[in-house]
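Chemist: Just need the structure, nothing else, for what follows:
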Amino acid sequence: MVRYLLVAVSLVNIGSGAWMMFDPYWVIEWVLNFQGSEPYTGTLKPASLGEFRALSGLVTMLGVVTLRALWSPNYASW
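Modeler: You can find the predicted model right below:
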């Protein structure tokens, strides 16, 4: 049961990380709408987009490593 839950969480991490990496503007708009905030009207600086993409890469890799460790327990032994 826990294994399936971890697989689901890993797949969500991979999917959301890839989504944040490829379309950061839409993700920011979606989060603001979800919070009930006003739409962002400014322009995002390249450094902000870079930080956002770096965070999404970390989320994606967390999902990949967790999925890989579930697939092969020898991988997780290190």
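Chemist: Output the below-cut-off pLDDT ranges for the chain.
Modeler: 76-78 (pLDDT under 70).
Chemist: can we see that at 80?
Modeler: Residues of the chain meeting the criterion pLDDT under 80: 42, 44, 73-78.
Chemist: Can you tell me the centre-most residue of it?
Modeler: Centroid check for the chain by C-alpha atoms, centre = their mean gives Gly17 as the closest residue, at 2.5 Å.
Chemist: Which strands or helices does the longest helix seen in the chain pack on?
Modeler: Taking DSSP state H as the criterion, the chain has its longest helix at helix 46-71. Where contact means 3 or more C-beta pairs under 8 Å, 6 or more residues apart in numbering; DSSP states H and E, helix 46-71 is packed against helix 2-22, helix 24-35, helix 73-76. Yep, even glycine has a C-beta here, placed from its N, CA and C like the rest.
Chemist: Could you tell me the angle between that helix and helix 24-35?
Modeler: 80 degrees (axes from the mean of the first three to the mean of the last three C-alpha atoms, to 10 degrees).
Chemist: Show me which positions of helix 46-71 end up buried.
Modeler: 52, 56, 59-60, 63, 66-67, 69-70 (16 or more other C-beta atoms under 10 Å).
Chemist: Please export the C-alpha coordinates of stretch 12-31 as PDB.
Modeler: C-alpha atoms of stretch 12-31 as PDB (Å, rounded to 0.1, in the frame of the first residue of the first chain):
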ATOM      1  CA  VAL A  12       3.000  13.600  -9.500                       C
ATOM      2  CA  ASN A  13       6.400  15.100  -8.700                       C
ATOM      3  CA  ILE A  14       7.700  14.200 -12.100                       C
ATOM      4  CA  GLY A  15       4.700  15.600 -13.900                       C
ATOM      5  CA  SER A  16       4.400  18.800 -11.900                       C
ATOM      6  CA  GLY A  17       8.200  19.400 -12.100                       C
ATOM      7  CA  ALA A  18       8.100  19.000 -15.900                       C
ATOM      8  CA  TRP A  19       5.100  21.200 -16.100                       C
ATOM      9  CA  MET A  20       6.700  23.900 -14.000                       C
ATOM     10  CA  MET A  21       9.900  23.700 -16.100                       C
ATOM     11  CA  PHE A  22       8.300  24.000 -19.500                       C
ATOM     12  CA  ASP A  23       5.600  26.600 -18.800                       C
ATOM     13  CA  PRO A  24       6.500  28.700 -15.700                       C
ATOM     14  CA  TYR A  25       4.200  31.600 -16.700                       C
ATOM     15  CA  TRP A  26       1.100  29.500 -16.700                       C
ATOM     16  CA  VAL A  27       2.000  27.800 -13.500                       C
ATOM     17  CA  ILE A  28       2.400  31.100 -11.700                       C
ATOM     18  CA  GLU A  29      -1.000  32.300 -13.100                       C
ATOM     19  CA  TRP A  30      -2.600  29.000 -12.000                       C
ATOM     20  CA  VAL A  31      -1.200  29.400  -8.500                       C
END
